[in-house]
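>>> I'll drop the sequence and a predicted model, then ask my questions.
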Amino acid sequence: MTAPAPIAPQPALPALDSHLGYWLRFVSNQVSHAFSLKLERRGVTVAEWVLLRELFEQQAAVPSALADRLGMTRGAISKLADRLAAKGLATRTAARNDRRFQSLALTPEGRALVPELAALADANDAEFFGHLSAGERTQIEAVMKAIVRRLGLRAVPVD
């Protein structure tokens, strides 16, 4: 029988919280969760809020264009549109000459809800970042946007 091979010393590993990504995720999870709970009390999800907010800017939008703009799949937009329609917050309208072509629009109820949800987003932002100076906020935002641009990130965060 041969002797077991000696165990090589393990290299020192950095602490879990020594990574910037750890702290970004730590804060992001708390911010996202708090916002999700606020929206949940109003009967919508974060993904639904994103689509509602996007539709608020337009009279009607084509699902494929929304998918491209938001970095979502067309299937995801379709599912979100179905959920918003079931809640009476959005409508789907098919073109008369081509039933495959649809546009999405907010109902009056959906249009009225968006400013209320935007106020929740503002309150959530203030809850987590209201203590920062304008300069600190600007600096953090600039750094995050630079990372998004450098990496070419497109998908809107919805979860």
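Now that the structure is in, tell me what you want to look at. Residues are numbered from 1 along each chain as shown.

>>> what about stretch 49-65, how long is it end to end?
Looking at stretch 49-65, the gap from its leading to its trailing residue is 17 Å under the measure CA to CA, to the nearest Å.

>>> could you say which helix or strand holds residue 92?
Assigned by DSSP states H and E, residue 92 belongs to strand 90-94.

>>> pull the CA atoms of that strand into PDB?
Taking Å, rounded to 0.1, in the frame of the first residue of the first chain, the C-alpha atoms of strand 90-94 are listed here in PDB:
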ATOM      1  CA  ALA A  90     -53.300  47.100 -20.700                       C
ATOM      2  CA  THR A  91     -55.000  46.100 -24.000                       C
ATOM      3  CA  ARG A  92     -53.900  44.300 -27.100                       C
ATOM      4  CA  THR A  93     -55.200  45.400 -30.400                       C
ATOM      5  CA  ALA A  94     -54.700  43.500 -33.600                       C
END
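
>>> tell me who's in contact with the residue nearest to residue 94 when sequence neighbours are not counted.
Here the nearest residue to residue 94 in space, its sequence neighbours aside, is residue 102; by CB to CB, 6 or more residues apart in numbering that works out to 5.2 Å. Using the backbone N, CA and C atoms, a C-beta is placed for each residue, glycine as well. By CB atoms under 8 Å, 6 or more residues apart in numbering, the contact set of residue 102 is 62, 63, 92, 93, 94, 95.

>>> quick one: buried residues of stretch 37-47?
Buried residues in stretch 37-47, counting neighbours by 16 or more other CB atoms under 10 Å, are found at 38, 39, 44, 46, 47.

>>> so which of those residues comes closest to residue 154?
Ranked by distance to residue 154 (CB to CB), these are led by residue 47 at 15.6 Å.
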